[in-house]
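coordinates for the following, if possible.
(chains A and B)
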Protein chains: 2
Amino acid sequence: MQLISLVGIMETTKVTFFDLIREGLAEVEMRMRSCPDGHHPKLAHAINHLLSSGGKRIRPAVTLLTGGMLQADHDRLVTLAAAIEMLHTATLVHDDLIDKSIMRRGFPTLNAKWTTGATVLTGDYLFARAADLATQVESMELVSRFSNSLMTIVNGEITQLFRTPSDTPREDYFRRIYAKTAALFEMAAEGPAMLSGTDERQIEAMRIYGNNVGSAFQIVDDVLDFVGNPEQVGKPTASDLRQGLITLPTLCYLEANSQDKDIAALMNNGHIAGRRIERLIESISSSGAIEKALQEARGYVDNAVSQLAGFPSSVEREALADLAEYVVQRTV
Amino acid sequence: MQLISLVGIMETTKVTFFDLIREGLAEVEMRMRSCPDGHHPKLAHAINHLLSSGGKRIRPAVTLLTGGMLQADHDRLVTLAAAIEMLHTATLVHDDLIDKSIMRRGFPTLNAKWTTGATVLTGDYLFARAADLATQVESMELVSRFSNSLMTIVNGEITQLFRTPSDTPREDYFRRIYAKTAALFEMAAEGPAMLSGTDERQIEAMRIYGNNVGSAFQIVDDVLDFVGNPEQVGKPTASDLRQGLITLPTLCYLEANSQDKDIAALMNNGHIAGRRIERLIESISSSGAIEKALQEARGYVDNAVSQLAGFPSSVEREALADLAEYVVQRTV
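Modelled structure (predicted):
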C-alpha cells in the first residue's frame, strides 16, 4: 500500500484532517488499484503509475469526511470516493495528452512514456472504471449525477479549447473553474450526503460547501501558477497565461490596470509573446492582483465553512472546516 | 431528420426488417442528436457530423426489435438504443484517431478535420453522453452492464494495441472480436430483454442471440476487408493484415497452409511488408479461406436464429431472424 503522497502532504503542511480518515483513504487507494480479472496487465501498471504519482486525495477526503459526519454506509463511501478520484485521474490523463505536458507533480506523465493511442485508451479505461465504481455505489440518483458531472467537465474543456477573445472574461473564468474543478468537489460533498439519507436542506448545504471549496482550490491553483515554486508546481511560471488562458490573478490585474498596454493586447489578440508576456507576468506577480485573487479564494472558504454551521458538532465537521482552510493555505 | 444512411442501406440491400422500426429509429436519431442546453455548439456540430456520416444503426435495430418482441416500454427502449449507438460512436471517434484513419464510410473522420485534443475531448463527451443516456433508462442493473461493456471494449483495444506474436491466434481473435463487437451486440439484445421483465431463460437466449449476431457481423467485416470494394469499405484491401492484425480469413488460411513461408514469417515476426505482404494478401483472397471464414459466420447466424425458437411467433421475431441473415449477406 503506497501512501507516499498523503504522507508527504501531511509532513509538509501539518494538516491533521487526514488523520481522521487515514484508514478510509487506504481503502480508497486499494479500491482504485484493484483491476478486474482478465484485463491487460499494462492497465494495472498504468493505474499504479498514475496513482503513485502524487495527488492530494483531497476529493476522497471530502467524501469520507462528509459521509462520516452524516453516518453514511462506510463501504459505499469508499466506493464513491474511489469513483470520484478515478474520474479525476482519467481527466488528467487526457488533459496532459492534450496539453502535451511531460511532467505532473515531478513524475513523468503517461503521454511522455506512451504513444497517443495507448494514452487515449488508458484514459478511456479509467473513465469506464470510474463509471463502474459509481454503479457499485448502487444509487441511480448518484450515477445520474456522476454522468452529468462528466459531461460538464468535458464540455468545460471543449469550451476552453475553442475559446475566442471574450467581453466577459470574469464570467468565463468562473464558468470554467466550475466545470474544471468545482463540479467534481460539489459531487464529492453532495454525493455522500445523498447516500446518508439526510434531508434536502443538508444535501444542499454540502453541495454549496463542495462548490465553494472547489472554487477556492482552483483559484489557489491559479495563484500558485504565478507565485508557486515551478519545481513543486511542475510547470513554468504563469504557464496558463503563456498559452493565452486568463485566470483570476490576470483578471484582477486587468480590472485594476485596464490601461496597461500589454494586458490590453492580450485581451484583444487572445495571446501575446516575447518580451511583452514576460513583462506582463512580472507586472501581475508583483501587483496586488495575487493578494486580491487570494482574498476571493478566502471568501469562498468562509462561505464553505459557514455551510457547516447547520450540522451538529463532530470531529468530522471540524475536519471539513480544516480542509477548507488548508485549501487556501497550501503552497503546493 | 437525416436518415440518409438507413435509406441507403434499405435501397441497396432490400432489407425489410428496418421497415418495422422506421419510426423508432427516427426517435433514436433524435435522442442522439439532442444536446443538453448550454453545451458548446461545436459539440452539437460534431455529433451531427458523426451521426450523418453513414452507420447502419444495426445495434439500435436489435434493441428496438427485441424490446418490441418482448413488449418493453417504448421510451426506455429508444433511450437504451441511443445510449448503445452513442457508445459505439464514441469508440469509433477514438479508434479513428488512434489508427490515424482519415475516412470512414466515405466521409472524413473527425480527426482528419480537428486537432488531437478536440477529437479526444469529443470522444470523451460522447462517452459521457452515452453514460447519461444509459442512466436515463433508470435500471441500475443495466447501467452496471453498460459500464462493464465499456471496460471490456477498451480493454480489448488496449490488448490489440500491445499485442505480441502469439501461439494461440484463434483464441486471441475470438477474444478480440468479442470485446470489439460482440459485447455491445450482446447488450443491445440482452438489455431490452432485461427491461421487459421477462424470465432469465429468455434474457439468456437474447444474450446468446446478440453475441452470435455480433460475432458474425465482425467476421463479415473482416472478410469484407479482403474482398469488399475498397471504396465502399473506405479502407485499402487487407488493411488489418498490412498492420499485422490477424483476422479470421488469415487464420483459416494459416490453418490450411501452415507451410506457406509468407504466413510463417508473419506469425513469427508480427508483420511482413513489401512484395511478401502483397503475395500473402493475394494468396488468402484467392484461397478457400474466405469461404471458410464466411461459413463460420454462417454458423454464428444459424446459432443466433435458433435462439429465437423459444419465443412466440411475431413480426419482430421474424425481423430479428432477417437481421441475422442480413449480417452475413451484406456487401458493405
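
now the strands: where do they sit in chain A?
With strands called from DSSP state E, chain A shows them at A:103-104, A:107-108.

look at the residue lying closest to A:Ile277 once chain neighbours are set aside and report its pLDDT.
Spatially, and ignoring its direct neighbours in sequence, A:Ile277 is nearest to A:Arg242 (6.2 Å; C-beta to C-beta, 6 or more residues apart in numbering or on different chains). The way it works is simple: take the backbone N, C-alpha and C, and place the C-beta from them, glycine included. With respect to pLDDT, A:Arg242 has a value of 93.

ok, A:Gly106 next?
A:Gly106 is assigned 80 on the pLDDT scale.

just name the most buried of the strands of chain A.
Using mean count of other C-beta atoms under 10 Å in any protein chain shown, the stretch among the strands of chain A with the largest mean neighbour count is strand A:103-104, at a mean of 18.

hmm, who's touching it?
A:Ser53, A:Gly54, A:Leu92, A:Asp96, A:Thr109, A:Ala112, A:Gly234, A:Lys235 (C-beta atoms under 8 Å, 6 or more residues apart in numbering or on different chains).

what's the local residue count around the closest residue to the fifth one other than its chain neighbours?
Right, A:Thr109. Distance criterion C-beta to C-beta, 6+ apart; nearest residue to A:Thr109, sequence neighbours excluded, is A:Asp96 at 4.1 Å. If you count neighbours by other C-beta atoms under 10 Å in any protein chain shown, A:Asp96 ends up with 20.

do the same with A:Thr152
Around A:Thr152 there are 22 residues (other C-beta under 10 Å).

please apply the same query to A:Met267.
By other C-beta under 10 Å, neighbour count at A:Met267 equals 17.

find the nearest non-adjacent residue to it, please.
Closest residue to A:Met267 apart from its sequence neighbours, by C-beta to C-beta, 6+ apart: A:Pro165 at 6.4 Å.

contacting residues for the one you found?
A:Met267, A:Asn268, A:Asn269, A:Gly270.

isn't the last one right next to A:Ile246, touching?
What it means is A:Gly270. No: A:Gly270 lies out of contact with A:Ile246 (C-beta atoms under 8 Å); the separation is 9.7 Å.

neighbour count winner among these two?
A:Ile246 (25 against 14).

identify the spatial nearest neighbour of the more buried one, chain neighbours not counted.
A:Pro169 (5.2 Å).

correct me if wrong: A:Val220 contacts A:Arg298.
No: contact status for A:Val220 versus A:Arg298: not in contact, 9.8 Å apart, counting by C-beta under 8 Å.

what's next to stretch A:106-119, contact-wise?
Residues outside stretch A:106-119 that contact it (C-beta under 8 Å, 6+ apart) are A:42, A:46, A:49-50, A:52-54, A:93-94, A:96-97, A:100-103, A:122, A:231-232, A:234, B:97-98, B:116, B:158, B:161-162.

what subset of these is buried?
The neighbour-count criterion (16 or more other C-beta atoms under 10 Å in any protein chain shown) marks A:42, A:46, A:49-50, A:53-54, A:93-94, A:96-97, A:101, A:122, A:234, B:97-98, B:158, B:161 among those as buried.

what does the stretch 1-150 of chain A put close to chain B?
A:36, A:38-40, A:42-43, A:94, A:97-98, A:116-118, A:120-125, A:127-129, A:131-132, A:134-136, A:138, A:140, A:143-144, A:146-148, A:150 (C-beta under 8 Å from any C-beta of the partner chain).

pick out whichever of A:Val220 and A:Arg298 has more residues nearby.
Comparing A:Val220 with A:Arg298 by other C-beta under 10 Å, the one with more neighbours is A:Val220, at 24 against 17.

can you tell me the closest non-neighbouring residue to the more buried one?
A:Ala297 is the one closest to A:Val220 (C-beta to C-beta, 6+ apart), at 5.4 Å.

ok so, going back, among the strands of chain A, which comes closest to B:Asp73?
strand A:103-104 (45.9 Å; C-beta to C-beta).

what about the nearest residue to A:Glu190 once chain neighbours are set aside, neighbour count?
Spatial nearest neighbour of A:Glu190, chain neighbours left out: A:Arg207 (4.0 Å); criterion: C-beta to C-beta, 6+ apart. Applying other C-beta under 10 Å, we find 19 residues neighbouring A:Arg207.

hmm, A:Arg207 is touching A:Ala189, no?
Yes: look at A:Arg207 against A:Ala189 with C-beta under 8 Å: they come within range, at 6.6 Å.

from A:Leu80, how far off is the spatially closest residue to A:Phe146 that is not a sequence neighbour?
Computed as C-beta to C-beta, 6+ apart, the closest residue to A:Phe146 that is not its neighbour in sequence is A:Ala134, at 4.4 Å. The spacing between A:Ala134 and A:Leu80, counted by C-beta to C-beta, to the nearest Å, is 7 Å.

just A:Leu110 next, same as before
Distance from A:Leu110 to A:Leu80, by C-beta to C-beta: 25 Å.

where does chain A dip in pLDDT?
Within chain A, the ranges that satisfy pLDDT under 70 run A:1-15, A:233-234.

please tell me I have it right and A:Val315 contacts A:Phe17.
No: between A:Val315 and A:Phe17 there is no contact under C-beta under 8 Å: 9.4 Å.

which one's more surrounded, these two?
A:Phe17 (22 against 13).

identify the residues contacting the closest residue in space to that one that isn't next to it in sequence.
In space, and not counting its chain neighbours, A:Phe17 is closest to A:Ala319: 3.9 Å by C-beta to C-beta, 6+ apart. A:Ala319 makes contact with A:Thr16, A:Phe17, A:Leu20, A:Ile21, A:Leu65 under the criterion C-beta under 8 Å, 6+ apart.

just A:Phe146 next, same as before
A:Ala83, A:Leu87, A:Ala130, A:Ala131, A:Ala134, A:Met187, B:Ala131.

mark which of the residues you listed are buried, thanks.
Judged by 16+ other C-beta under 10 Å, buried ones among these: A:Ala83, A:Leu87, A:Ala130, A:Ala131, A:Ala134, A:Met187, B:Ala131.

for A:His271, which non-adjacent residue is spatially closest?
A:Gly244 (3.1 Å).

same question for A:Thr198.
Excluding its sequence neighbours, the residue lying closest to A:Thr198 (C-beta to C-beta, 6+ apart) is A:Leu70, at 5.3 Å.
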